[in-house]
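Q: just the structure for this:
(2 chains)
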2 protein chains.
Amino acid sequence: MPISANNTKRKSWIEVPVDSDFPIQNIPFGVFITKDDVITIGTRIGDCAIDMGALQQLNYFEGIELTDDMFMQDTLNDFISDGKKTWRLVRNRLAELFDETNPKLRDNKEHREIVIFNVKYIEMQLPVLIGDYTDFFSNKEHAVNVGKIYRDPEHLLSPNWLHIPVAYHGRSSSIIPSGIPVHRPMGQTLPNGEKTPVFGPSRLVDFELETAFITTDVNVMGENIPINEAEDYIFGMVILNDWSARDIQKWEYEPLGPFLSKNFATSISPWIITMDALEPFRAKGPKQDPAPLPYLQQKGKHNFDINLEVAIQPENSEATIVTISNVKHMYWSMSQQLTHHTSNGCRVNSGDMMGSGTVSGTTQDSFGSMLELTLGGKTPIKLSDGSERKFINDGDTVIMKGFCKNNGVRIGFGEVSTKLLPPFVRK
Amino acid sequence: MPISANNTKRKSWIEVPVDSDFPIQNIPFGVFITKDDVITIGTRIGDCAIDMGALQQLNYFEGIELTDDMFMQDTLNDFISDGKKTWRLVRNRLAELFDETNPKLRDNKEHREIVIFNVKYIEMQLPVLIGDYTDFFSNKEHAVNVGKIYRDPEHLLSPNWLHIPVAYHGRSSSIIPSGIPVHRPMGQTLPNGEKTPVFGPSRLVDFELETAFITTDVNVMGENIPINEAEDYIFGMVILNDWSARDIQKWEYEPLGPFLSKNFATSISPWIITMDALEPFRAKGPKQDPAPLPYLQQKGKHNFDINLEVAIQPENSEATIVTISNVKHMYWSMSQQLTHHTSNGCRVNSGDMMGSGTVSGTTQDSFGSMLELTLGGKTPIKLSDGSERKFINDGDTVIMKGFCKNNGVRIGFGEVSTKLLPPFVRK
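A: Numbers count the residues shown, from 1 in each chain, chains lettered A, B, ... in the order given. Okay, here's the model as predicted:
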C-alpha cells in the first residue's frame, strides 16, 4: 500500500533548506514548549515547528477520529495508543496540508501565525512518557569488540548470543531529550591490581551510539506477539546515547548486569521518525547463522539503512566526527527484538522504548563507543583542535546524528547533543 | 518524636479481630474500587476498608494542607510526593478519627455508610504507578545459596557483593497486585548436555520471597542522597513475589542479567505499610565485614523485624507453609540501597519501587525460593495433601504473608496471593 505522505515528488510551501533532515516526506512527531510557554504536540518541516494542538483547534484534522485534546498534551502516548491507522491518517493529512499546491493554510496568514514557529523559538521535550525502557545488545560487531576487551578469546560471544536478542532493563527516570547536560557520575570502582574498591568520579565516561524504537500498546499480560505482526506495533525511532561509565560498569556488572554505570543518563533525539517515513529505507540484515528458533524466523527486509555519526565538541572548540556507522548491520531486527520481548508474555505499552544496543560497523572508524574506538582506552583519538581523547572529558559535547537517503529524499533524525558536566555539587 | 498514630494503647470503635494485620496502629494506604465501581485511595482497620476520597469530601481532613482531589485518585503518587510531614499528619488524623473515644464519625451513621465498607466488597488495585522498579540482591544467605548452585565453591559471592548492594532494573509493566493470576511463561532454554536451545513452557517456575519499599520524590538528576537522609524518602513497604523462571534465567542471564526469566510477572501485596507504622520494629542488621565505604556507613538500627512466610496451595487443596523467614537478616539496609542507587545521580521519583532481593534465613526451612528450599530441584518439598513440589505447578497458588509483633501490637502486610495458570493461549 503506498503511503501518500511518502510521495517523493511532493514539495511544501514551507521552504526546506537543502540537506534538511525534515522535508515534507518526513513529518516526525514531537512535544515542545512554544515561546508563549504552551506545551503541545507538533511536527516539523524544514526549520519550522508546527503546533498540532493549534491545528486541531482550528479544525485541520476534521474527518479523522481523534479525542478533542489529542494534540494538546504533553506526551504522545495517547496518540501512539490509537494505533497505526490513525498515525497514518494524521501524517497523510499533514503532508496534504503543507503541500505547495494546497492553499488552505498556505494562504491564511492569521492561522499560519498561530500554528508555525521557527524552531529556534521552541524547546523540545521528551516526546513520550516512557513506562519501561529496555536496551538490547543486538550488534554482532559490538558484542565481539566488547568480548575482545573483557572475555576469553575462544568465546568472544556468550553462548546464547546467536540464539537470543540479548537485552536488559534500563532506567526510565534518567532518560532526557537532546540539550540537557549530564553530570559525570560518582561511583565505586576497583583500581587495577587492588582488592578494595574506591568511591569517586568515574574516570571512563563513554557514549554508546544507538537507535531506539517506541511502541504502541502491544499486548495483554501473558500474550506473545508473532514475528509477522511485530512491526505493526512499532511507532517510530529516535537516536539514543546510552551514556556509560566503564570503570563503574566493570566493577558492578557481575552477576546481574549494568546498573549505576548506565542509569545516570540516557539521551535521545526529540523527534520520533515514524516507521512509515522510514519505509523506503528497508534493507536486508546480515545472514543469521545458525538459523534462529522458529518464533524468531522472518523473511524479507526488516533492517533499515540509516546512516549514523558521532562527533565530540570540546568546550569552546569545533566538533570532530569520531565515528560513522549504519543501522543496517544490526544482527537482530526490531521485530525480532519485540517478538522475543513478548515471547514470555511480558506486557509492552504505548510509549515503551527499546534501544538497539551499540551500533558498530566492521571497521575501526565505524565503532559505536570510545571503548571500541580506542581499544579499551589504549589508542587515543585525535580531535581537530589537536587534543586527544580516550574517553569523554568534562566540558565535551557528544553529538549524534542520523539520516537516510535515496531517490533524492533525505529523512533525518536531527540530533541528540549532550554536554558532559563535572560531578554534581550538592547545595 | 513519638508518632501519635503508633500509640499502643489506642483502640478503635471499629471492631478489630484478634491477630488482624490491621489494628488502628497500622493505618496502611492503598487504592481500591468500591462496590459502586468508584476508584479511591483508602485505608483499612480490621476488616473495614475506609474510603479516604469520601472522607476528604466530607471534610474530615480539614486543617491539613492537601489538594482538593488528593484522595480521589487512582494512585498514591501525588500523596506520596507531598512528603513525610503530610503522610504523618494524615495518618495521625485517621488514628484520631477512628479512636474509640472520638464520636465525630463514630456517631454519624450517614457518614459511616458512605465511608466504610467490608473489605470483601472492594477490589484492591496497584497502590502506585511504578515509574521504575529496581530489584536488589541484598541477602547474604540467598547470595551464598545461589552461589552454591551456580558458582565455583571457592567464590560463592561475586567479588563486589560485600562492597555494593548489588541490584538490577526490573520491569514496571508486569507488576500486579495480589489476586491477579499469572501464566506460566514460554521461553528459550538449553536442555542439559545440549548445545542448541529449545522454545517451550518454562519447566522451573519459582517464587522469590521479598519485601519492597516505595519512595517519594528523592532527588533532581545528578544529586546524591547522603545515608543519614535516605530514610526520609521511604514511604512504606509491601511484600513482593519476584516470579522467576529458572531454566530461562540460566540460559539468558549472561552477560547482562535476568530479563524474560523475571519480567513476565512481579506480584505485590496491595496495602503499603508506612515506615511510621514499622518504626517500633527497628532491628540491628548483621555486622558488615569488611566495613562499607564511607558513603554507605551508618550507625543505629536500620533493619526491620518483619516475619515472613510462604505457603503453596494446590488447586482444590489446603495451603502448606513451605518457608518462614525474617527481614531483619538483610545484609544491606534500605537506606544503604537508596543511597547507593542515587550515588551516581540516578533520579528516583515518587512511586518508584525497590525490591529487597530474596529474603532467606540461615536454615534450610527459612530459604526464600524453591531453588534454595529444594537445593536446585534435587530434594522435593512435601505438601500437606501428600504431593511433592520441586518448583511451582500449574494451578498452585503461592501465598506470601508478613507481620511484625511486639508490645502486644501486630502490624501486618496482609498477603500477596497469586495463582499460576498454564501457558497463555492466544485467541
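
Q: report the buried residues of stretch A:181-190.
A: A:182-190 (16 or more other Cβ atoms under 10 Å in any protein chain shown). From N, CA and C alone the C-beta is placed, and that goes for glycine too.

Q: could you measure from residue A:320 over to residue A:375?
A: Spatial separation of residue A:320 from residue A:375 under the definition Cβ to Cβ, to the nearest Å is 19 Å.

Q: what's the single longest helix in chain A?
A: Under DSSP state H, the helix in chain A containing the largest number of residues is helix A:84-97.

Q: how far out from the middle of the chain is it?
A: Counting by Cα atoms, centre = their mean, to the nearest Å, helix A:84-97 is centred 22 Å from the centre of its parent chain.

Q: repeat that for stretch A:89-101.
A: With Cα atoms, centre = their mean as the basis, the mean position of stretch A:89-101 lies at 25 Å from the chain mean.

Q: contacts for it?
A: A:3-5, A:7, A:10-14, A:24-25, A:27, A:43, A:45, A:50, A:52, A:55, A:60-61, A:64, A:66, A:79, A:102, A:104-106, A:274, A:276-277 (Cβ atoms under 8 Å, 6 or more residues apart in numbering or on different chains).

Q: could you rerun that using 6 Å?
A: With Cβ atoms under 6 Å, 6 or more residues apart in numbering or on different chains as the test, stretch A:89-101 has contacts from A:4-5, A:10-14, A:24, A:27, A:43, A:45, A:64, A:102, A:105.

Q: what is the lowest-pLDDT residue among the residues you listed?
A: Within the set of these, pLDDT is lowest for residue A:4 (91).

Q: which residue sits closest to it, ignoring its sequence neighbours?
A: Excluding its sequence neighbours, the residue lying closest to residue A:4 (Cβ to Cβ, 6 or more residues apart in numbering or on different chains) is residue A:92, at 4.8 Å.

Q: please tell me how far residue A:371 sits from chain B.
A: With distances taken as Cβ to the nearest Cβ, to the nearest Å, residue A:371 is found 14 Å from chain B.

Q: nope, residue A:209 is what I was after
A: In terms of Cβ to the nearest Cβ, residue A:209 sits 18 Å off from chain B.

Q: quick revisit: starting at the chain centroid, how far to the helix or strand that comes right after the longest helix of chain A?
A: From helix A:84-97 onward toward the C-terminus, using DSSP states H and E, the following helix or strand is helix A:103-106. Mean-position distance between helix A:103-106 and its chain equals 33 Å (Cα atoms, centre = their mean).

Q: going on from helix A:103-106, what's the next piece of helix or strand?
A: Toward the C-terminus from helix A:103-106 - assigned by DSSP H and E - lies helix A:109-115.

Q: need the contact partners of that next one.
A: Residues external to helix A:109-115 that are found in contact with it (Cβ under 6 Å, 6+ apart): A:51, A:54-55, A:58, A:105.

Q: closest one of these to residue A:248?
A: Residue A:248 has its nearest neighbour among the contacts of helix A:109-115 in residue A:51, at 41.8 Å by Cβ to Cβ.

Q: wouldn't the closest one be in contact with residue A:41 here?
A: No. Using Cβ atoms under 6 Å, residue A:51 and residue A:41 do not qualify as a contacting pair, with a distance of 8.4 Å.

Q: show me which positions of stretch A:202-213 end up buried.
A: Of the residues in stretch A:202-213, those with enough neighbours to count as buried (16+ other Cβ under 10 Å) are A:202, A:204-213.

Q: out of those, the closest to chain B would be?
A: Looking at these and their distance to chain B, the nearest is residue A:202, at 8.0 Å (Cβ to the nearest Cβ).

Q: count of neighbours near the nearest residue to that closest one once chain neighbours are set aside?
A: When the adjacent residues along the chain are set aside, residue A:202 lies closest to residue A:245, with 3.8 Å between them (Cβ to Cβ, 6+ apart). Residue A:245 is surrounded by 28 other residues when neighbours are defined as other Cβ atoms under 10 Å in any protein chain shown.

Q: can you pull the pLDDT of residue A:245?
A: The predicted structure scores residue A:245 at 98 on the pLDDT scale.

Q: what do you get for the one 5 residues further on?
A: Looking at residue A:250, its pLDDT reads 95.

Q: doesn't it belong to a helix?
A: Yes. The secondary structure assignment for residue A:250 places it in a helix, going by DSSP: H, G, I helix; E, B strand; the rest coil.

Q: can I get the buried residues of stretch A:181-190 in CSV including pLDDT?
A: Supplementary listing: the buried residues of stretch A:181-190 in CSV, determined by pLDDT from 0 to 100:
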residue, pLDDT
A:182, 98
A:183, 98
A:184, 98
A:185, 98
A:186, 98
A:187, 98
A:188, 98
A:189, 98
A:190, 98
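
Q: please produce CSV containing the contacts of stretch A:89-101, extended by secondary structure and distance to residue A:223.
A: As requested, the contacts of stretch A:89-101 are exported to CSV (DSSP: H, G, I helix; E, B strand; the rest coil; distance: Cβ to Cβ, whole Å):
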residue, secondary structure, distance to residue A:223
A:4, helix, 33
A:5, helix, 31
A:10, coil, 39
A:11, coil, 44
A:12, strand, 41
A:13, coil, 45
A:14, coil, 43
A:24, coil, 38
A:27, coil, 31
A:43, strand, 32
A:45, strand, 38
A:64, coil, 29
A:102, coil, 42
A:105, helix, 42
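
Q: tell me the one of these nearest residue B:135?
A: Among the contacts of stretch A:89-101, and counting by Cβ to Cβ, the member closest to residue B:135 is residue A:43, at 39.1 Å.

Q: how many residues are close by the closest one?
A: Here the count is done by other Cβ under 10 Å, and residue A:43 has 22 residues near it.

Q: residue A:229 now?
A: Residue crowding around residue A:229 was assessed by other Cβ under 10 Å; the count is 12.
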